[in-house]
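Enquirer: The amino acid sequence is not available; the structure is as follows:
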(Lines give C-alpha, C1' and ligand atoms only; values in the text may rest on other atoms or scores of the structure.)
Protein backbone atom coordinates (compact mmCIF):
# COMPACT_ATOMS: atom_id res chain seq x y z
CA UNK A 1 0.00 0.00 0.00
CA UNK A 2 1.33 3.41 -0.98
CA UNK A 3 1.75 5.74 1.99
CA UNK A 4 3.06 9.00 0.50
CA UNK A 5 2.66 11.01 -2.69
CA UNK A 6 6.38 10.61 -3.45
CA UNK A 7 5.98 6.83 -3.28
CA UNK A 8 3.04 7.08 -5.69
CA UNK A 9 5.02 9.11 -8.23
CA UNK A 10 7.87 6.62 -8.04
CA UNK A 11 5.43 3.71 -8.33
CA UNK A 12 4.20 5.05 -11.68
CA UNK A 13 7.54 4.14 -13.26
CA UNK A 14 8.28 2.66 -15.77
CA UNK A 15 4.91 3.84 -17.14
CA UNK A 16 4.91 7.17 -18.98
CA UNK A 17 2.40 9.68 -20.28
CA UNK A 18 2.13 7.44 -23.37
CA UNK A 19 -0.01 5.24 -21.11
CA UNK A 20 -2.15 8.23 -20.17
CA UNK A 21 -4.87 7.86 -22.80
CA UNK A 22 -8.41 9.12 -22.47
CA UNK A 23 -9.61 5.52 -22.10
CA UNK A 24 -7.14 4.81 -19.30
CA UNK A 25 -7.93 8.13 -17.63
CA UNK A 26 -11.62 7.20 -17.58
CA UNK A 27 -10.67 3.89 -15.96
CA UNK A 28 -8.86 5.81 -13.22
CA UNK A 29 -12.00 7.90 -12.68
CA UNK A 30 -14.05 4.70 -12.35
CA UNK A 31 -11.61 3.18 -9.85
CA UNK A 32 -11.45 6.38 -7.79
CA UNK A 33 -15.26 6.61 -7.79
CA UNK A 34 -15.46 3.14 -6.24
CA UNK A 35 -12.69 3.85 -3.72
CA UNK A 36 -14.28 7.15 -2.66
CA UNK A 37 -17.60 5.36 -2.22
CA UNK A 38 -16.04 2.93 0.25
CA UNK A 39 -14.18 5.78 1.94
CA UNK A 40 -17.39 7.78 2.34
CA UNK A 41 -19.22 4.82 3.88
CA UNK A 42 -16.42 4.39 6.41
CA UNK A 43 -16.52 8.10 7.22
CA UNK A 44 -20.31 7.97 7.72
CA UNK A 45 -20.01 5.02 10.09
CA UNK A 46 -17.26 6.77 12.04
CA UNK A 47 -19.11 10.08 12.32
CA UNK A 48 -22.40 8.45 13.23
CA UNK A 49 -20.63 6.41 15.89
CA UNK A 50 -19.37 9.58 17.53
CA UNK A 51 -22.50 11.65 16.91
CA UNK A 52 -21.07 14.03 14.32
CA UNK A 53 -23.81 15.67 12.27
CA UNK A 54 -21.69 17.06 9.43
CA UNK A 55 -20.96 14.38 6.88
CA UNK A 56 -18.26 15.69 4.52
CA UNK A 57 -18.34 13.19 1.67
CA UNK A 58 -15.96 13.45 -1.29
CA UNK A 59 -17.20 12.91 -4.84
CA UNK A 60 -15.72 13.52 -8.28
CA UNK A 61 -16.70 16.77 -9.92
CA UNK A 62 -18.01 16.32 -13.45
CA UNK A 63 -16.39 18.05 -16.44
CA UNK A 64 -18.01 21.44 -16.50
CA UNK A 65 -16.90 24.98 -15.98
CA UNK A 66 -17.19 26.55 -12.56
CA UNK A 67 -16.71 30.20 -13.36
CA UNK A 68 -13.14 30.22 -14.60
CA UNK A 69 -12.31 26.86 -12.99
CA UNK A 70 -12.78 23.73 -15.12
CA UNK A 71 -13.74 20.39 -13.61
CA UNK A 72 -12.48 16.88 -14.33
CA UNK A 73 -10.96 16.73 -17.80
CA UNK A 74 -8.47 15.07 -20.17
CA UNK A 75 -6.52 17.20 -22.66
CA UNK A 76 -4.24 16.02 -25.47
CA UNK A 77 -3.25 19.04 -27.52
CA UNK A 78 -0.20 19.67 -29.70
CA UNK A 79 1.57 16.63 -28.32
CA UNK A 80 1.12 17.74 -24.71
CA UNK A 81 -1.07 15.77 -22.34
CA UNK A 82 -2.61 16.79 -19.08
CA UNK A 83 -5.51 15.42 -17.10
CA UNK A 84 -7.22 16.40 -13.88
CA UNK A 85 -9.66 14.70 -11.55
CA UNK A 86 -11.43 17.36 -9.52
CA UNK A 87 -13.35 16.48 -6.36
CA UNK A 88 -15.97 18.28 -4.34
CA UNK A 89 -17.38 17.99 -0.86
CA UNK A 90 -20.11 19.50 1.28
CA UNK A 91 -17.78 22.26 2.43
CA UNK A 92 -15.93 22.98 -0.84
CA UNK A 93 -16.65 22.87 -4.56
CA UNK A 94 -13.30 22.44 -6.29
CA UNK A 95 -10.26 20.56 -5.06
CA UNK A 96 -7.48 18.62 -6.77
CA UNK A 97 -7.95 14.86 -6.63
CA UNK A 98 -5.29 13.49 -8.97
CA UNK A 99 -3.58 15.68 -11.56
CA UNK A 100 -1.29 14.85 -14.47
CA UNK A 101 0.40 18.13 -15.32
CA UNK A 102 1.86 18.85 -18.76
CA UNK A 103 5.37 19.08 -17.27
CA UNK A 104 5.14 15.46 -16.10
CA UNK A 105 4.39 16.16 -12.44
CA UNK A 106 1.65 14.00 -10.93
CA UNK A 107 -0.19 15.61 -8.02
CA UNK A 108 -2.32 14.05 -5.33
CA UNK A 109 -4.82 16.13 -3.32
CA UNK A 110 -2.33 18.82 -2.33
CA UNK A 111 -4.90 20.22 0.10
CA UNK A 112 -5.29 16.93 2.01
CA UNK A 113 -3.60 15.65 5.15
CA UNK A 114 -2.01 12.20 5.42
CA UNK A 115 -5.42 10.61 6.12
CA UNK A 116 -7.57 12.27 3.46
CA UNK A 117 -5.03 11.59 0.72
CA UNK A 118 -5.31 7.82 1.28
CA UNK A 119 -8.23 7.10 -1.13
CA UNK A 120 -6.40 8.90 -3.94
CA UNK A 121 -3.22 6.91 -3.37
CA UNK A 122 -5.18 3.64 -3.14
CA UNK A 123 -7.06 4.27 -6.40
CA UNK A 124 -3.87 5.34 -8.16
CA UNK A 125 -2.07 2.17 -7.04
CA UNK A 126 -4.88 -0.05 -8.32
CA UNK A 127 -4.86 1.82 -11.64
CA UNK A 128 -1.09 1.58 -12.05
CA UNK A 129 -1.16 -2.16 -11.25
CA UNK A 130 -3.81 -2.64 -13.94
CA UNK A 131 -1.76 -0.78 -16.58
CA UNK A 132 1.47 -2.53 -15.64
CA UNK A 133 -0.21 -5.92 -15.95
CA UNK A 134 -1.54 -5.00 -19.39
CA UNK A 135 1.92 -3.77 -20.42
CA UNK A 136 3.53 -7.06 -19.39
CA UNK A 137 5.27 -5.58 -16.37
CA UNK A 138 5.55 -8.00 -13.46
CA UNK A 139 5.51 -7.06 -9.78
CA UNK A 140 8.38 -8.94 -8.13
CA UNK A 141 8.28 -7.08 -4.82
CA UNK A 142 5.84 -4.41 -3.67
CA UNK A 143 8.32 -1.73 -4.73
CA UNK A 144 9.91 -3.45 -7.75
CA UNK A 145 8.59 -4.27 -11.22
CA UNK A 146 10.30 -5.85 -14.23
CA UNK A 147 9.27 -6.85 -17.74
CA UNK A 148 7.92 -10.32 -18.52
CA UNK A 149 11.13 -11.23 -20.39
CA UNK A 150 13.29 -10.03 -17.50
CA UNK A 151 11.09 -11.95 -15.09
CA UNK A 152 11.39 -15.25 -16.95
CA UNK A 153 15.18 -14.91 -17.21
CA UNK A 154 15.48 -13.81 -13.58
CA UNK A 155 13.14 -16.45 -12.23
CA UNK A 156 15.04 -19.31 -13.88
CA UNK A 157 18.37 -18.27 -12.37
CA UNK A 158 17.52 -16.33 -9.24
CA UNK A 159 14.00 -16.77 -7.94
CA UNK A 160 13.25 -20.06 -6.17
CA UNK A 161 10.54 -21.50 -3.97
CA UNK A 162 12.95 -23.50 -1.80
CA UNK A 163 16.58 -23.05 -0.83
CA UNK A 164 18.82 -25.10 -3.17
CA UNK A 165 20.70 -28.13 -1.88
CA UNK A 166 24.50 -27.90 -1.50
CA UNK A 167 24.78 -24.18 -2.31
CA UNK A 168 28.13 -22.55 -2.94
CA UNK A 169 29.33 -19.96 -0.41
CA UNK A 170 28.04 -16.53 -1.47
CA UNK A 171 25.12 -17.91 -3.49
CA UNK A 172 22.25 -15.41 -3.71
CA UNK A 173 18.62 -16.25 -4.23
CA UNK A 174 15.26 -14.55 -3.89
CA UNK A 175 12.64 -16.55 -2.01
CA UNK A 176 9.14 -15.22 -1.47
CA UNK A 177 10.26 -11.78 -2.65
CA UNK A 178 13.11 -11.56 -0.10
CA UNK A 179 16.77 -11.79 -1.08
CA UNK A 180 19.05 -14.21 0.78
CA UNK A 181 22.77 -14.94 0.68
CA UNK A 182 24.45 -18.20 1.74
CA UNK A 183 27.12 -17.72 4.43
CA UNK A 184 28.14 -21.35 4.82
CA UNK A 185 27.10 -24.14 7.17
CA UNK A 186 27.57 -22.04 10.32
CA UNK A 187 25.18 -19.19 9.45
CA UNK A 188 23.30 -20.80 6.58
CA UNK A 189 20.93 -18.62 4.55
CA UNK A 190 20.79 -15.03 5.80
CA UNK A 191 18.04 -12.62 4.78
CA UNK A 192 19.07 -9.39 3.09
CA UNK A 193 15.74 -7.81 3.97
CA UNK A 194 16.30 -4.18 5.08
CA UNK A 195 16.42 -3.73 8.84
CA UNK A 196 13.66 -1.11 8.65
CA UNK A 197 11.25 -3.66 7.19
CA UNK A 198 12.07 -6.15 9.93
CA UNK A 199 11.55 -3.53 12.63
CA UNK A 200 8.10 -2.72 11.22
CA UNK A 201 7.22 -6.43 11.17
CA UNK A 202 8.40 -6.81 14.78
CA UNK A 203 6.37 -3.74 15.81
CA UNK A 204 3.29 -5.27 14.18
CA UNK A 205 3.85 -8.51 16.11
CA UNK A 206 4.21 -6.63 19.39
CA UNK A 207 1.13 -4.49 18.71
CA UNK A 208 -0.87 -7.69 18.20
CA UNK A 209 0.52 -9.41 21.33
CA UNK A 210 2.52 -11.87 19.26
CA UNK A 211 4.88 -14.47 20.70
CA UNK A 212 8.65 -14.35 21.10
CA UNK A 213 8.88 -17.18 18.57
CA UNK A 214 7.20 -15.00 15.94
CA UNK A 215 9.73 -12.24 16.63
CA UNK A 216 12.60 -14.75 16.54
CA UNK A 217 11.42 -15.97 13.14
CA UNK A 218 11.57 -12.42 11.73
CA UNK A 219 14.97 -11.69 13.25
CA UNK A 220 16.69 -14.86 12.09
CA UNK A 221 15.03 -15.56 8.78
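Expert: That came through fine. This structure is a prediction, so every number in the text was calculated from the model and none was measured.
Enquirer: name the helices or strands packed onto the biggest helix by length in the chain?
Expert: Longest helix in the chain by number of residues, with DSSP state H as the criterion: helix 22-49. Where contact means 3 or more Cβ pairs under 8 Å, 6 or more residues apart in numbering; DSSP states H and E, helix 22-49 is packed against strand 59-60, strand 73-77, strand 80-89, strand 92-100, helix 118-134. Backbone N, C-alpha and C define where each C-beta goes, glycine included.
Enquirer: So what are the sheet partners of the third one and their directions?
Expert: Read that as strand 80-89. strand 59-60 (antiparallel), strand 73-77 (antiparallel), strand 92-100 (antiparallel) (DSSP bridges).
Enquirer: Give me the distance from the longest one to the chain's centre.
Expert: I take that to be strand 92-100. Distance of strand 92-100 from the chain centroid (Cα atoms, centre = their mean, to the nearest Å) equals 20 Å.
Enquirer: Please spell out which residues along stretch 105-114 are buried.
Expert: Going by neighbour count (16 or more other Cβ atoms under 10 Å), the buried part of stretch 105-114 is 106-109, 112.
Enquirer: again with stretch 197-217
Expert: Buried residues in stretch 197-217, defined by neighbour count with 16+ other Cβ under 10 Å: 201, 205.
Enquirer: quick one: terminal-to-terminal distance for that stretch?
Expert: Here the two ends of stretch 197-217 are set 14 Å apart, with distance taken as Cα to Cα, to the nearest Å.
Enquirer: Mind checking which of the buried residues of stretch 105-114 land in helices?
Expert: Secondary structure defined by DSSP H assigns none of these to helices.
Enquirer: what's the most distant pair in those residues?
Expert: Based on Cβ to Cβ, the longest span within the buried residues of stretch 105-114 runs between 106 and 112 and measures 14.7 Å.
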